[in-house]
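> Got a predicted structure plus its sequence, pasted below:
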Amino acid sequence: MYKAFLIKYAEIGIKGKNRHLFEDALVRQICYALRSVDGTFHVHKQQGRVFVETEGDYDYEETIEALSHVFGITGICPAVMVEDEGFDKLAEQVVSYMDQIYPDKHMTFKVKARRARKNYPMDSMELNAALGEKILDAFPDMSVDVHDPNVMLYVEIREQISFYSEEIPGPGGMPVGTGGKAMLLLSGGIDSPVAGYMISKRGVAIDATYFHAPPYTSERAKQKVVDLAKEISAYTGPIDLHVVNFTDIQLAIYEKCPHEELTIIMRRYMMKIAEHFAKEDGCLGLITGESIGQVASQTMQSLMATNEVCTMPVYRPLIGFDKQEIVEVSEKIGTYETSILPYEDCCTIFVAKHPVTKPNVNVIKKSEEKLADVIDDLMDQAISTVETIHVEA
Amino acid sequence: MEAYLDNSATTQCSQEAADLMMRLLRVDYGNPSSLHNCGMEAENYVKEARKRIAQTLKVNEKEIYFTSGGSESNNLAIVGSALANKRSGMHVITTAIEHPSVANPFAYLEEQGFAVTYLPVDAYGCISLQDLKDAMCSDTILVSIMHVNNEIGAVQPVEEAARLIKQTNPNCLFHVDAIQSYGKFRIYPKRMGIDLLSVSGHKIHGPKGSGFLFVRDKVKVHPLILGGGQERGLRSGTENVPAIAGLGQAAMEIYQNFDAKIMQMYRLRDYFIAEVEKIDGVSVNGHKDHSNAPHIVSVSVSGVRSEVLLHALEDREIYVSAGSACSSNKPAVSRTLQSIGLKRELLESTVRFSFSVHTTKEEIDYALEAMAELVPMLAKYRRS
């Protein structure tokens, strides 16, 4: 029945002279999201709206699913599109639409017409009244409420006439590609995919770095991270995932540094390596899934110690989130099930019983000096043996 | 060099079984239920497989029911016989170290109102007949005991258990999970007093998705899959002819030249145990002599987590199982290892080597060499 989708967007609308850049990005992202959906689609801007028009048969469920992953969209309105064959025909079509969509007729409604094509014989007020009357005649149980209707029926007169009354929520945010690119430190856990999602929601494209430590972590743990990257790429678009072999660095730290500081020191080197790839990939920042106090390495003191090695800004969108709030987002975006698969990740394999919770940067640096004669080679080795996997949903 | 030492997980399908299956997929692909010739041909393959299997157990062909594998056989035997006989009593007995495909059906029976007794095991993983005797009562309708434990290879005294059960309560059914023992032991259910016996195809060089349940004549079992009435009404669904034929072929092959093959496996096991225990921190669980199964060696390595050792061996193309798969975010401690009273620090440090009739001394040597190198190295880096 639906031949088109009216795409609603909120924030893009207020971007002043840059507005067309944002709209173009939105159109581009919609086209990208629809590329693998069954059907032929035409996406275009028209008088401050973005329309997705369909041609011939298409898969409705898949289309909605794809569109609800495009950042920038706040609402998706499936619309009926008809040729202008006079008012009586239009009234008939509108009545039949209302009949199909609302089986329970005990409700209030309001018609809101918009006449973009001014040569239509009736003006919007007349249309509102006339269509409302036809609907009331057809369904005596319905009534009009102009202030707070249950259903708002929009009718738009252009070359063709479209009408819609339902809105499926979109993810909000801004179209990917309007905000540069950032490097996500992706582990196999619950938090980092959510962090990537949240930054990407602000229009940011994503690349990712994952640290694996064979034989302490398995191929399956790595596959899980590839799967997670794939899951968030349904929102973020393509991701280049850098898989770094971290075993030797980890063992060197284990051998030479105090075990309570192992996690902090390890994370400092992870940040350095991630920043290296961030620069290579033209990223403008790093993203982590840290939240204050969640674990020993995420106290403010620990964050300060890990942050100290970076020159780029580190974005931590979950910093004020409780675990439960993070879980809720991960369930919503569909990464939770994958995240909880039970494979060891490299942050936990050598974790000390009582890791430092208030590390002192100077003490940590002192400990790191013990690595001085090996660490440069080990870092070079880790960077040069990276495996980069292109991930796309 | 590659050493596949995870044959208790699955085995390589025999060439003859695979060839036969390919023919049944591509050439003789009929449905045994069809009335025409194609159907009859297919039926003949099923009959032939049934005959071959029946011969290995010395039972009647009519007592063999094909299933989709070990788990289904266990489910059918336990839930099916309990449902069919619950009017005679609501008490059932099993052991603390069963495979999940036995343990979970018993948990299901418990939910359905049955009383379940779980027999403990000793440090070698064996039940005591006295415990069994004490647990038996007039209300007991089913006892299920695994023949060979899948994690440590402990062998249960099933023949003595059967005698004891029948003496105490002749109507009580006795089920044996023989998934790890069929093909490693000669099993004659009728002579031994076993009423129900579960077997899986892919543990004996047959295909995955194949298995059977022996149901002694006149034993009542309620079907779990209802439908067109195949397998004499006990297991509906179009017969998986290729898998059944493959299983029949594998069953026949595994019992050819049997004694020599088993002796060879015990020789390799003896050698492996003697050598591996020379490595610092390594100990072998269960009986080390021939009272254990010939193909399973459970090895605990102090200070090395099983998963790490597994992946380090994997790196050298040596494939084993983690005795008890554990990780930081999902502890799944093995019930068998807990039941034999393994020390806590070894629960997460146990791997299983399992051999097949094709395992060679070269593979064993290669694995031993890797263990000797890896264990000291990995033990150096432990969780503090």
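Ah, there it is. Numbering: from 1, shown residues only, chains lettered A, B, ... in the order given.
> Which residue is the nearest non-sequential neighbour of residue 286?
You didn't say which chain, so I picked chain A. Residue nearest to residue A:286 in three dimensions, not counting chain neighbours: residue A:314, with 4.7 Å by Cβ to Cβ, 6 or more residues apart in numbering or on different chains. Just so you know, the C-beta spots here come from the backbone N, C-alpha and C atoms, and that holds for glycine as well.
> Not quite, go with chain B.
residue B:152 (3.9 Å).
> Show me the strands in the stretch 201-350 of chain A, by range?
Remark: strands assigned in the stretch 201-350 of chain A by DSSP state E, counting those that start in this stretch are A:205-212, A:239-245, A:286-287, A:314-315.
> Can you show me the helices along chain A?
Using DSSP state H, the helices of chain A run over residues A:19-34, A:60-67, A:87-101, A:124-138, A:191-200, A:219-236, A:247-256, A:262-280, A:300-307, A:323-333, A:336-339, A:361-369, A:372-384.
> hang on, the earlier thing: tell me how far the residue nearest to residue B:286 lies from chain A.
Distance of residue B:152 to chain A, given as Cβ to the nearest Cβ, to the nearest Å: 23 Å.
> On the secondary structure side, give me the element for that residue.
For residue B:152, there is no host helix or strand (DSSP states H and E).
> What is the least confident helix or strand in chain B?
None of the helices or strands of chain B scores lower by mean pLDDT, DSSP states H and E than helix B:344-347, at a mean of 89.
> Save the strands of the stretch 201-350 of chain A as JSON lines, and put in distance to residue B:275 and mean pLDDT too.
Output for those, formatted as JSON lines (distance: least, Cβ to Cβ, whole Å; pLDDT from 0 to 100):
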{"stretch": "strand A:205-212", "distance to residue B:275": "32", "mean pLDDT": "97"}
{"stretch": "strand A:239-245", "distance to residue B:275": "32", "mean pLDDT": "97"}
{"stretch": "strand A:286-287", "distance to residue B:275": "50", "mean pLDDT": "98"}
{"stretch": "strand A:314-315", "distance to residue B:275": "52", "mean pLDDT": "98"}
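> got JSON lines for the ones you listed, with distance to residue A:271 and mean neighbour count too?
Formatted as JSON lines, the strands of the stretch 201-350 of chain A follow (distance: least, Cβ to Cβ, whole Å; neighbours: other Cβ atoms under 10 Å in any protein chain shown):
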{"stretch": "strand A:205-212", "distance to residue A:271": "10", "mean neighbour count": "26"}
{"stretch": "strand A:239-245", "distance to residue A:271": "12", "mean neighbour count": "22"}
{"stretch": "strand A:286-287", "distance to residue A:271": "7", "mean neighbour count": "26"}
{"stretch": "strand A:314-315", "distance to residue A:271": "7", "mean neighbour count": "20"}
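> related to what we said a few turns ago, surely the residue nearest to residue B:286 touches residue B:283?
No. Using Cβ atoms under 8 Å, residue B:152 makes no contact with residue B:283, being 12.0 Å away.
> Please say which of these two ends up with more neighbours.
Set side by side, residue B:152 and residue B:283 give different neighbour counts by other Cβ atoms under 10 Å in any protein chain shown, the larger being at residue B:152 (29 against 17).
> A helix includes residue B:109, no?
Yes. Counting by DSSP: H, G, I helix; E, B strand; the rest coil, residue B:109 is found in a helix.
> what's the burial count for it?
Applying other Cβ under 10 Å, we find 21 residues neighbouring residue B:109.
> do residue B:69 as well
The local packing of residue B:69 (other Cβ under 10 Å) involves 25 other residues.
> Up against chain B, what does the stretch 151-300 of chain A have?
Residues of the stretch 151-300 of chain A found near chain B (Cβ under 8 Å from any Cβ of the partner chain) are A:214-218, A:251, A:254-255, A:259.
> Repeat the analysis, applying 10 Å as the threshold.
A:188-190, A:213-221, A:247, A:250-251, A:254-255, A:258-260, A:262 (Cβ under 10 Å from any Cβ of the partner chain).
> Give the PyMOL command for selecting the buried subset of those.
Entered in PyMOL, the line below selects the buried ones among those, by 16 or more other Cβ atoms under 10 Å in any protein chain shown:
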select buried, chain A and resi 188+189+190+213+214+215+216+217+218+221+247+250+251+254+258+259+260+262
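> I'd assumed residue B:344 was in contact with residue B:350.
No. Counting by Cβ atoms under 10 Å, residue B:344 is not a contact partner of residue B:350; they are 11.7 Å apart.
> ok, the two, which is more surrounded?
The residue with more neighbours, out of residue B:350 and residue B:344, is residue B:350; 27 against 8, by other Cβ under 10 Å.
> What residues does that one make contact with?
Counting by Cβ atoms under 10 Å, 6 or more residues apart in numbering or on different chains, residue B:350 makes contact with B:151-152, B:283, B:285, B:298-301, B:304-306, B:309, B:321-324, B:326, B:334, B:336-337, B:342.
> Quickly list what's touching both of residue B:152 and residue B:283.
Here residue B:152 and residue B:283 have B:298-299, B:342, B:350 as joint contacts, going by Cβ under 10 Å, 6+ apart.
> what's the distance between the residue nearest to residue B:286 and residue B:271?
18 Å (Cβ to Cβ, to the nearest Å).
> again, but for residue A:235
56 Å.
> Which one's more surrounded, those two?
For residue A:235 versus residue B:271, neighbours defined as other Cβ under 10 Å are more numerous around residue A:235 (25 against 14).
> show me the contacts for the closest residue to that one other than its chain neighbours.
For residue A:235, ignoring the flanking residues on the chain, the nearest one in space by Cβ to Cβ, 6+ apart is residue A:69 at 5.2 Å. By Cβ under 10 Å, 6+ apart, the contact list for residue A:69 reads A:29, A:33, A:170-171, A:232-237, A:333-334, A:393.
> So which of the contacts of residue B:350 belong to strands?
B:283, B:285, B:298-301, B:321-322 (DSSP state E).
> I'd like to know which of these is nearest to chain A.
Closest approach between the ones in strands among the contacts of residue B:350 and chain A, by Cβ to the nearest Cβ: residue B:322, at 10.1 Å.
> dump the residue contacts of the closest one.
B:305-311, B:332, B:334, B:348-352.
> let's see 7 Å
Contacts for residue B:322 were tallied using Cβ atoms under 7 Å, 6 or more residues apart in numbering or on different chains; they are B:306-307, B:310, B:351.
> got it, and residue A:144?
With Cβ under 7 Å, 6+ apart, residue A:144 has these contacts: A:108-110, A:132, A:136.
> Now rank those by neighbours and give me the top one.
The member of the contacts of residue A:144 that has the most neighbours, counting by other Cβ under 10 Å, is residue A:109 with 22 neighbours.
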